[in-house]
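Give me the fold of what follows.
(one chain, ligands or ions: 2)
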Amino acid sequence: MTIASHVPRLTVYGCRAGMPEPGWPSSGYLVHLRGGAVLLDCGPGVAAKAATAAELSAVFVSHMHVDHCLDLLTLGKALAYQARDRRRVTAYVPPGAAATLRQLNELFPLSPHGPGPHRTDRVFSDVFDTVEYAPGEPIEVAGATVQPVLMRHRLPCCGFRVSSNGQTLAYSADTAMTPSFEHLAGDADLLLAEATLTEPDSTEHGHLSASEAGQIAARYGVRGLVLTHWAHTDHAWLAAQGERAAQGERAAQHFSGRIDLAVPDHTFHL
Ligand SMILES: [Zn+2]
Ligand SMILES: [Zn+2]
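Ligands and ions are numbered 1, 2, ... in the order given. From the prediction side, this is the model:
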């Protein structure tokens with residue numbers, strides 16, 4: 001068995017907070033599993049990569065901020081042009097989001113007369129099986145169990161605990177510190193945690209600092225930590241690379257296990 005065939009494993013498609021930068025899509029993480037693969041979040045720039053993932057079984061959307069969900073329509077339209085016998089993909093979306101996504105699809109029809117029978121006009125029924133997940137209720141997919149866990153964010157947001165082959169990956173999505181991490185990340189082999197901030201969040205928006213991500217990793221006994229959801233506003237990307245390294249050092253002050261920094265197209269093993 002080659003290293004590349006070990007499952008589960010994680011490939012970063014995009015790891016930007018907010019809108020993409022050249023070469024840096026917004027949030028999107030492919031988890032390779034025994035029976036396929038699942039995509040966690042589908043932010044701007046992620047569809048181009050996800051559409052070529054032949055083994056894609058399902059997409060899970062953590063919350064309806066555009067940096068986590070906007071490319072779901074683009075991905076659906078891309079898949080609509082692929083062979084009809086292609087494996088169907090289930091879109092697991094937050095409670096109440098299915099109607100929003102169908103309305104989004106209807107706003108961008110193929111013809112000037114409005115939505116018609118073409119599959120690109122009916123992405124959320126003809127391309128995706130669209131299912132609203134319930135926080136706390138596990139879902140069996142691609143030989144794995146995916147548990148949505150309600151986190152603490154400006155919009156209702158679920159992280160995902162993905163268990164397969166006796167191993168567990170926990171993805172924080174967007175969140176502030178919350179006791180939910182016990183359910184999400186307890187004893188996980190790998191915690192993919194947002195580290196949006198350099199200082200703890202003083203607002204109600206709900207994000208983590210890198211120090212808090214390190215504290216969570218230590219408190220809940222995870223084996224490895226991948227920091228992600230990079231935010232920067234007006235400084236050059238080169239400076240941001242330095243900033244990313246500094247985020248790793250902040251987490252390392254609290255967590256002595258392996259710490260990696262998310263980079264597009266990098267694959268991490270559990
Ligand atoms: Zn975000
Ligand atoms: Zn958000």
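
list the helices and strands the helix or strand of the chain with the lowest mean pLDDT packs on?
The weakest-scoring helix or strand in the chain, judged by mean pLDDT, DSSP states H and E, is helix 237-252 (a mean of 78). When contacts are defined as 3 or more C-beta pairs under 8 Å, 6 or more residues apart in numbering; DSSP states H and E, helix 237-252 packs onto helix 210-219, strand 224-228, strand 258-261. In short, each C-beta sits where N, CA and C put it, glycine included.

residues from this structure in reach of ligand 1?
67, 174 (C-beta under 5 Å from the ion).

for the chain, what spans make up the strands?
9-14, 28-33, 36-40, 56-60, 89-93, 128-132, 139-141, 144-150, 158-164, 167-171, 190-194, 224-228, 258-261, 267-269 (DSSP state E).

Nearest to Thr120 among these would be which one?
Nearest of the strands of the chain to Thr120, taken as C-beta to C-beta: strand 128-132 at 12.1 Å.

model confidence over that closest one, on average?
What strand 128-132 shows for mean pLDDT is 98.

go on, stretch 170-185?
98.

Select, out of the strands of the chain, the one closest to Ile216.
Once these are compared by C-beta to C-beta, strand 190-194 is nearest, at 6.5 Å.

and the end-to-end length of stretch 13-31?
Length of stretch 13-31, first residue to last, C-alpha to C-alpha, to the nearest Å: 10 Å.

buried stuff in it?
13-18, 20, 24-31 (16 or more other C-beta atoms under 10 Å).

Of those, which pair is most distant in space?
Gly18 and Val31 (22.8 Å).

For Tyr29, give the beta-bridge partners.
Val12, Leu40 (DSSP bridges).

burial of Leu73, as a residue count?
21 (other C-beta atoms under 10 Å).

Wait, it touches Leu107, no?
No - checked against C-beta atoms under 8 Å, the pair Leu73 and Leu107 is beyond contact range at 9.4 Å.
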